[in-house]
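# just the structure for this:
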Amino acid sequence: MPTRRGFLGRVWLALGGVALVEYAWLAFEFLRPPRASAEALPIVNAGPLDAFDPGSVTAFPEGKYYLVRLEDGGFLALSRTCTHLGCTVPWVEEEGRFLCPCHASAFDLRGVVANPPAPRPLDTHPVRIENGIVKVDLGRTVRREAFNRDQVTYA
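Got it, this is the predicted structure:
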């Protein structure tokens, strides 16, 4: 006949085994690369070319980016993430700038730092224009140290 001490010893051993399995599962989930969801396509259609006026900023909340059409007609897809500490940066139409609500960084229409503490411009996503449709590659994020004309896509 099993003793109470022996029974409790087996219960504690089983609970320890369950905890070890949970720990291993959590470690595996943490170290595994993230899965791409089926509905999240890396290249999205932003819309027809003529839907974006020169000098305009269009927010795409689901893609977490802004599509900027510069005055000269070029396009930039700017990340909504501040390069200082990762806050979401809104476009403030009245000021014509992106203003970070966390630490007062400001970025101009091209995503260039106008007011620190942000150390560099907003990151971009590659843009291409196919058959009059503006497409943004959300599968790639380009880290910028400065603005140059090669980052702008023209029709």
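
# my read is that Phe107 contacts Pro121, right?
Yes - assessed by C-beta atoms under 8 Å, Phe107 is found in contact with Pro121 at 6.8 Å. The way it works is simple: take the backbone N, C-alpha and C, and place the C-beta from them, glycine included.

# between the two, what contacts are shared?
Val113 (C-beta atoms under 8 Å, 6 or more residues apart in numbering).

# spit out the contact partners of the residue nearest the centre of the chain.
Centroid-nearest residue in the chain, with C-alpha atoms, centre = their mean: Lys64, separated by 5.6 Å. Neighbour list for Lys64: 79-81, 88 [criterion: C-beta under 8 Å, 6+ apart].

# can you check Leu26 too?
Applying C-beta under 8 Å, 6+ apart, no residues contact Leu26.

# what's the answer for Asp53, then?
Arg69.

# and it, its phi and psi?
Here is the backbone geometry of Asp53 (degrees, to the nearest 10): phi -80, psi 150.

# that one and Leu109, how far apart?
Distance of Asp53 to Leu109, computed by C-beta to C-beta, to the nearest Å: 13 Å.

# just the strands in the protein please.
Taking DSSP state E to define them, one finds strands in the chain at 43-48, 56-60, 65-69, 75-79, 91-92, 97-99, 106-107, 113-115, 124-125, 127-130, 133-137.

# which one of those strands lies nearest to Phe30?
strand 75-79 (24.9 Å; C-beta to C-beta).

# and the closest one, what does it pack against?
strand 65-69, strand 124-125, strand 127-130 (3 or more C-beta pairs under 8 Å, 6 or more residues apart in numbering; DSSP states H and E).
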